[in-house]
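Peer 1: Everything below, folded, please.
(chains A, B, C and D)
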There are 2 protein chains.
Amino acid sequence: MAVTRRGMGRDGRPTLEQVAARAGVGRGTVSRVINGSPRVSERTRAAVQQAIADLGYVPHRAARALAANRSDAIALVVPEAETRLFAEPYFSGIIRGVSAELADTDIQLLLTLIRTPKERQRFSQYAASHRVDGVLLVSVHGDDPMPDQLAEMGIPVVMNGRRSSDEMVPHVDCDNVGGAQLAVEHLLGRGRSTVATITGPSDMYVARCRVDGYKEALRAAGREPDEDLIAKGDFSEESGHAAMHKLIKRRPELDAVFCASDLMAIGARRALRELGRSVPGDVALVGFDDSALARHMDPALTSVRQPMEGMGRAMTRALLAEIGDSGPDRPRLVLPTELVRRASS
Amino acid sequence: MAVTRRGMGRDGRPTLEQVAARAGVGRGTVSRVINGSPRVSERTRAAVQQAIADLGYVPHRAARALAANRSDAIALVVPEAETRLFAEPYFSGIIRGVSAELADTDIQLLLTLIRTPKERQRFSQYAASHRVDGVLLVSVHGDDPMPDQLAEMGIPVVMNGRRSSDEMVPHVDCDNVGGAQLAVEHLLGRGRSTVATITGPSDMYVARCRVDGYKEALRAAGREPDEDLIAKGDFSEESGHAAMHKLIKRRPELDAVFCASDLMAIGARRALRELGRSVPGDVALVGFDDSALARHMDPALTSVRQPMEGMGRAMTRALLAEIGDSGPDRPRLVLPTELVRRASS
DNA sequence: ATCACAGCTGGGAGCGCTCCCACGCGACGA
DNA sequence: TCGTCGCGTGGGAGCGCTCCCAGCTGTGAT
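Peer 2: I've put the predicted structure just below:
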């Protein structure tokens, strides 16, 4: 019945209709006020806002989403494996940044952990049906087709990091090359002459960048990179431990190591201790990530800090821009990294 | 026009209507199949399911939410301060658990970080208007009125931890008393005779529980707790450091310390080193949380593990049950803790 | 053969919002 | 004085679903 339309919402909360009645205007006008349309006179706007305040009206999201064909929500997609490895500060830093940026937009953050290929599939489908306005992708692997899939479907996407140097999908990355350079320059600046590095897996772009930065810094200082001083790891502590042993065997005289992750630095530190070498006395150590572990290592680990919260914010801004304009500009941001000096170097 | 109703959805995706047409049934029937109503014949059900598969139909969440007056989403509310302190493994562990439990329910997880009282207010309002089906609250402080507010409004809530021993709001906690007992028993079992403790802030229930467990274990072993052996901290590393110094000054002969957090254990370890006492030779150390820091400490720290992922799962199950039945049973779960033995004790 | 009743089914009536078309009303030029 | 314009405004139509009531069938009892 038409009468019902004038009543309270089902859960006893006021509806647009009631606000309109109270303010003595039509539904359309209230809607305009809520959505900040300029086509409302100042008088009317004030009256409506008063009515909204009086009634404590809050728009019904589902109704709004249905009518306007948008969801006012974005998804942050995280491969579950990452939540273990990068738990801190990676994960929470990004979340904090995203959340901060969303705080005054009344857009909701949906968190989706992806465990299995099946769940991945399911999410793609979910996203495809415009159930979210946009997607934030974290730590995407080199062979992951999801970013492109989503982009092709016309869903706004922003990734954290990139899969290759010519990444086409909009992304926000940090300056891995620059960070590595910073680390090596610092080591060189402290008078170290034989600087080695322990790398991440070579099929990860981020790992390659860090090696590139290492080599770059060496060349800039007039030295040719020496393959014997480059040992491969996989970001894990164990791999750092093994790599360090290998390095010392190959080049007993080395006096500095740049590790592409804090975890590997921890492994390396253990190996050095086993070998009776002191840090930073015999060997200076620098890590990457500036995790809590770095701060609490003994000696505290010098490390390259990535602006995680800043990346979260930047990603969100980029995504919102994409959602807003649907313009063809595909943002590609690279945020600077920073060296945090501690006792290990 | 009625004709339009038979067409595709706005974004080119199939609607219920189309599935119905394809399956040669009515809208109601398709809806029944989707929602698992038993009042559909097997033949019809199969036909509908086939049509759904053919069309790749995915229900429109907003439409569903609007019509059914539920949102198919729950919120996980985290005070932002906590994301820094407990980043790992607390935060990510819970999220993993929640997410796992939600995986096959098609309920969405909304993550809300709360920074300011204003945001807190805003969230209450948001929740109040049935924009989420339920709320998960993490690390609530003793004086926080939000849980009660939400509960009074009839919004299903489950907290992680409790504010006091007679907590009325449904919650899932871990056995802090038992965990502390485990730690102290272990220390005693290793032949330590003078076991001290560094506590958390006494206005936090969880901290009081851990002290209680400490005393309990002592009494069970036939010793009276000695106030000189109890030093107050605030869970931070710095406070652990200060407390350790105080403890050694008061009781130089102590040979074991149970710290109510790993962070404080790290501080205590530093103090011991400054005082020239070895771990575990002179003093055995046990922490609480089993964070990554504990594993990487030197020597690796024995610590009480809280089943974070399990708590996340349990909370979610409890919340879903509450949402489902709206029965008057207010779940109060206490999950067991576990001692992880390492080199420090 | 008739009636009652259950088991399935179709589709109308909304849910609370946005979109958009049409309308009223002053100001203005002819 | 009579259009004409454009700003504000009201409200119909509809978003895709669920709920629910009526109706349609087939069965067993009478």
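
Peer 1: Following the chain past the helix or strand hosting residue A:21, name the next helix or strand.
Peer 2: Taking DSSP states H and E as the definition, residue A:21 sits inside helix A:16-23. As assigned by DSSP H and E, the chain's next helix or strand after helix A:16-23 is helix A:27-34.

Peer 1: Identify the residues contacting the helix or strand following that following helix?
Peer 2: Next helix or strand after helix A:27-34 toward the C-terminus (DSSP H and E): helix A:42-55. Helix A:42-55 has contacts (C-beta atoms under 8 Å, 6 or more residues apart in numbering or on different chains) with A:14, A:18-20, A:22-25, A:29-30, A:33-34, A:40, A:57. For every residue, glycine as well, the C-beta is placed using N, CA and C.

Peer 1: Show the low-confidence segments of chain A, by residue range.
Peer 2: Applying pLDDT under 70 to chain A picks out residues A:1-7, A:82-89, A:326-328.

Peer 1: quick one: contacts of whichever helix in it runs longest?
Peer 2: The longest helix of chain A (DSSP state H) is helix A:308-325. If you take C-beta under 8 Å, 6+ apart as the criterion, helix A:308-325 is touched by A:74, A:89-90, A:93-102, A:105, A:107, A:133-136, A:156-160, A:170, A:172-174, A:327, A:329-331, A:333, A:335.

Peer 1: Stretch A:216-229 now?
Peer 2: A:177, A:180-181, A:183-185, A:188, A:194-197, A:214-215, A:247, A:250-251, A:254.

Peer 1: Count the neighbours of residue A:56 for me.
Peer 2: By other C-beta atoms under 10 Å in any protein chain shown, 11 other residues sit near residue A:56.

Peer 1: Quick check: the gap between it and residue A:266.
Peer 2: As judged by C-beta to C-beta, to the nearest Å, residue A:56 and residue A:266 stand 53 Å apart.

Peer 1: buried stuff in the longest helix of chain A?
Peer 2: Across helix A:308-325, burial judged by 16 or more other C-beta atoms under 10 Å in any protein chain shown covers A:308-323.

Peer 1: same check, this time on stretch A:281-293
Peer 2: Neighbour counts over stretch A:281-293 (16+ other C-beta under 10 Å) mark A:283-293 as buried.

Peer 1: and those residues, which two are the farthest apart?
Peer 2: Farthest pair in these (C-beta to C-beta) is A:283 and A:292. Separation: 22.9 Å.

Peer 1: In chain A, what residue spans correspond to strands?
Peer 2: Along chain A, counting by DSSP state E, strands occupy A:73-79, A:108-114, A:134-137, A:157-160, A:171-174, A:195-199, A:230-232, A:256-259, A:284-288, A:302-305, A:332-335, A:338-340.

Peer 1: Neighbouring strands of the last one in the sheet, and parallel or not?
Peer 2: Strand A:338-340 has the following strand partners under DSSP bridges: strand A:302-305 (antiparallel).

Peer 1: separation between residue A:94 and DNA strand C?
Peer 2: 30 Å (C-beta to the nearest atom of the strand, to the nearest Å).

Peer 1: ok, now residue A:270?
Peer 2: Using C-beta to the nearest atom of the strand, residue A:270 is found at 59 Å from DNA strand C.

Peer 1: what's near enough to touch that residue?
Peer 2: Counting by C-beta under 8 Å, 6+ apart, residue A:270 has contacts A:237, A:241, A:244.

Peer 1: Sweet, I'm off.
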